[in-house]
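Peer 1: Got a sequence here, can you model it:
(one chain, ligands or ions: 1)
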Amino acid sequence: MLTSSLRPRDPLAALPFQLGDEFVAGLRDAVELSAPALFVDLARWAHSLVTHRESPASVEAALQSLFDSLGTLLPLSNAPRARAIVEAARDAIAQRSDPAPECAIDVASPHGAVAGRLLNLLLEGDEQRASRELLCCVAKGTTQAELYDEIVTPLLHETGRLWEHNAIGISEEHAITAAIERFMAHIAELQAVRPFREFAVVTASLGSSAHEVGARMLADTFALGGWHATYLGGNIPPEDLLDYVDRVSVDVLALSATLARDVIPVRNFIAALLDRPVAPLVLVGGRAFALDPTLWQRIGADGYAATPSLAVALANELVHQTA
Ligand code: B12
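Peer 2: Predicted structure coming up:
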């Protein structure tokens, strides 16, 4: 579809990983959502991918090509906004000597050293020792919030950065994520959850969104906070979720969006939910929402939180306000 609209010698078509298509779609989304930060992040990330792979493709040239063809890619009325967004992306790239973000693990933080050791063990393929190390933390009293916020999350963010940096492959990234999901299942079973469950939450990622660890962390954290929590995972068809929330009793829906392209499905889902006679509150979060602090409000969500623990605190506040 979009690729065929790109001329073969177009620098956009020369980008690896079908990033040319991603750029065109990402720009349309950023304009529609009035969220330049989403496109700037996409360009920064693409620049990092290309730089660390010694690819002959050039993100600067691709942005120039996008800039030159705005008239044919978008309705004319959107062109000035799109132009400003592409300019912002160009500036952001020009200002960075190293396009990769900083290491996501701060070894000087209270649990940073553990996160670093765990990542190294997993990179060496020693899941057993990594598991023992994590269980040792639990035995010493590290809370689930600390494990998730200060160990598991930075470890996964660093895994992504290493892939972006071309230091590890997709196979290592998959193996690490799978191991982390096994640890999380184990840790969740060890937690003494509060038996009283007044409110229910459902956590998921919609549509083509395959990133599901955030939604899983949310469900575990809500369960620990005394909620009845159901984790649906990723790739949930929005229309199916609409039917599901009609069938079950849900007070809060927590939707996770990682990529810029995951945001519009969440916005459309919230709009469709408003047509229902009874709708749960909707909390949103994840990497895409973290890029633009007011995006959650503009897409009609009831709240945003940066971490699962903050999400539980916010949800408690909101359900008591509406009760
Ligand atoms: C594991 C992983 C995958 C796995 C996911 C498997 C799974 N079971 O979930 C797989 C292999 C499927 C995958 C695929 C892809 N991935 Co990926 N992935 C990752 C990685 C390494 C970790 C994701 C993760 O679990 N993070 C840990 C969670 C806990 O952190 P979090 O999402 O930031 O969430 C925190 C908060 O935001 C909050 N939160 C999250 N959700 C919610 C929701 C609510 C309601 C609230 C209140 C809070 C909240 O709680 C969490 C803890 O604090 C990230 C790196 C990264 N930076 O995250 C890349 C990353 C997200 N992926 C990336 C990419 C590009 C992709 C692909 C497009 C690659 C490709 N070409 O195929 C595909 C897209 C798949 C799709 N259709 O969605 C890029 C995105 C870059 C960008 N700028 O767009 C990243 C950043 C890697 C990188 N640095 O290059 N990925």
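Peer 1: Helix, strand, or coil at the closest residue in space to residue 15 that isn't next to it in sequence?
Peer 2: Distances taken as CB to CB, 6 or more residues apart in numbering place residue 57 nearest to residue 15, at 4.8 Å, with adjacent residues excluded. Bear in mind the C-beta positions are built from the backbone N, C-alpha and C, glycine included. Under DSSP: H, G, I helix; E, B strand; the rest coil, residue 57 falls in the coil class.
Peer 1: any idea how far residue 57 lies from residue 283?
Peer 2: 38 Å (CB to CB, to the nearest Å).
Peer 1: out of these two, which sits in the busier spot?
Peer 2: residue 283 (26 against 19; other CB atoms under 10 Å).
Peer 1: who does the more buried one bridge with?
Peer 2: residue 254, residue 303 (DSSP bridges).
Peer 1: tell me the contacts of it?
Peer 2: Listed by CB atoms under 8 Å, 6 or more residues apart in numbering, the contact partners of residue 283 are 252-255, 301-305, 311, 314-315, 318.
Peer 1: Where does the one residue in the stretch 51-200 of the chain that gets nearest to the ligand fall, secondary structure wise?
Peer 2: Here the stretch 51-200 of the chain gets closest to the ligand at one residue, residue 160, 2.3 Å apart by CB to the nearest ligand atom. Per DSSP states H and E: residue 160 is located in helix 153-164.
Peer 1: ok, residues contacting that helix?
Peer 2: 45, 48-49, 52, 100-101, 103-106, 112, 115, 118-119, 122, 168-170, 172-173, 176-177, 180, 213, 217, 307.
Peer 1: repeat that with 6 Å
Peer 2: Outside helix 153-164, the residues that touch it by CB atoms under 6 Å, 6 or more residues apart in numbering are 48, 104-105, 115, 118-119, 168, 173, 176.
Peer 1: among these, who's most crowded?
Peer 2: Busiest of the contacts of helix 153-164 [other CB under 10 Å] is residue 118, holding 27 neighbours.
Peer 1: ok, and the closest non-adjacent residue to it?
Peer 2: Closest to residue 118 by CB to CB, 6+ apart is residue 130, at 5.0 Å.
Peer 1: Could you list the buried residues of the host helix or strand of that neighbour?
Peer 2: Residue 130 is part of helix 127-139 when elements are defined by DSSP H and E. Using 16 or more other CB atoms under 10 Å as the test for burial, helix 127-139 gives 127, 130-131, 133-134, 137.
Peer 1: Give me the residues contacting the next helix or strand after that helix.
Peer 2: Following helix 127-139 in sequence order, the next helix or strand is helix 144-146 (DSSP H and E). Applying CB under 6 Å, 6+ apart, the external contacts of helix 144-146 come out as 111, 191, 224, 309.
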